[in-house]
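Asks: Everything below, folded, please.
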Amino acid sequence: MGRTRNSAPLIKVSDFEYSLQMREAVHQFKQAYLKKALKQHGGNISQTARAIGVSRRTLQLQIKRCETSQEQSGI
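Replies: Below you'll find the predicted structure:
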């Protein structure tokens, strides 16, 4: 899959279902985006945060939110 200038992962909209509520679609996109970004950087939080243009703390909070919602939904 392609990359932007700052090496953040590109994710195709076609990877997501249009039958979802927007909130759930955004959540799924965020999960996929973070997963791909972390994989590209070998799980390194600091490198991933730098690549996607957020602080390390923001990335940690986003990861925690994704994990929490997965646990609540039983995924």
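Asks: from here on, contacts and neighbour counts on C-alpha atoms
Replies: Fine.
Asks: So which residues make contact with the helix or strand of the chain with the lowest mean pLDDT?
Replies: Lowest mean confidence among the helices and strands of the chain (mean pLDDT, DSSP states H and E): helix 56-73, at a mean of 85. Identification of contacts with helix 56-73 by Cα atoms under 8 Å, 6 or more residues apart in numbering yields 27, 31, 34, 45, 46, 49, 50.
Asks: Tell me which of the residues you listed has the lowest pLDDT.
Replies: Least confident of those in the model: residue 27, at 87.
Asks: sorry, back to before: adding neighbour count, secondary structure and distance to residue 59, write the contacts of helix 56-73 out as CSV.
Replies: As requested, the contacts of helix 56-73 are exported to CSV (neighbours: other Cα atoms under 10 Å; DSSP: H, G, I helix; E, B strand; the rest coil; distance: Cα to Cα, whole Å):
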residue, neighbour count, secondary structure, distance to residue 59
27, 15, helix, 14
31, 18, helix, 12
34, 21, helix, 8
45, 18, helix, 7
46, 16, helix, 9
49, 21, helix, 6
50, 15, helix, 10
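Asks: Mind picking the two most distant members of those?
Replies: Within the contacts of helix 56-73, two members stand farthest from each other by Cα to Cα: 27 and 46, at 22.0 Å.
Asks: Which pLDDT value goes with residue 16?
Replies: Taking residue 16 on its own, its pLDDT is 61.
Asks: So for residue 44, what's the pLDDT?
Replies: pLDDT for residue 44: 96.
Asks: what do you get for residue 28?
Replies: Looking at residue 28, its pLDDT is 87.
Asks: Which neighbouring elements make contact with the helix or strand hosting residue 38?
Replies: Using DSSP states H and E, residue 38 sits within helix 22-40. Judged by 3 or more Cα pairs under 8 Å, 6 or more residues apart in numbering; DSSP states H and E, helix 22-40 is in contact with helix 45-52, helix 56-73.
Asks: circling back: now render the contacts of helix 56-73 as TSV, adding distance to residue 56.
Replies: Formatted as TSV, these follow (distance: Cα to Cα, whole Å):
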residue	distance to residue 56
27	20
31	16
34	13
45	6
46	6
49	5
50	8
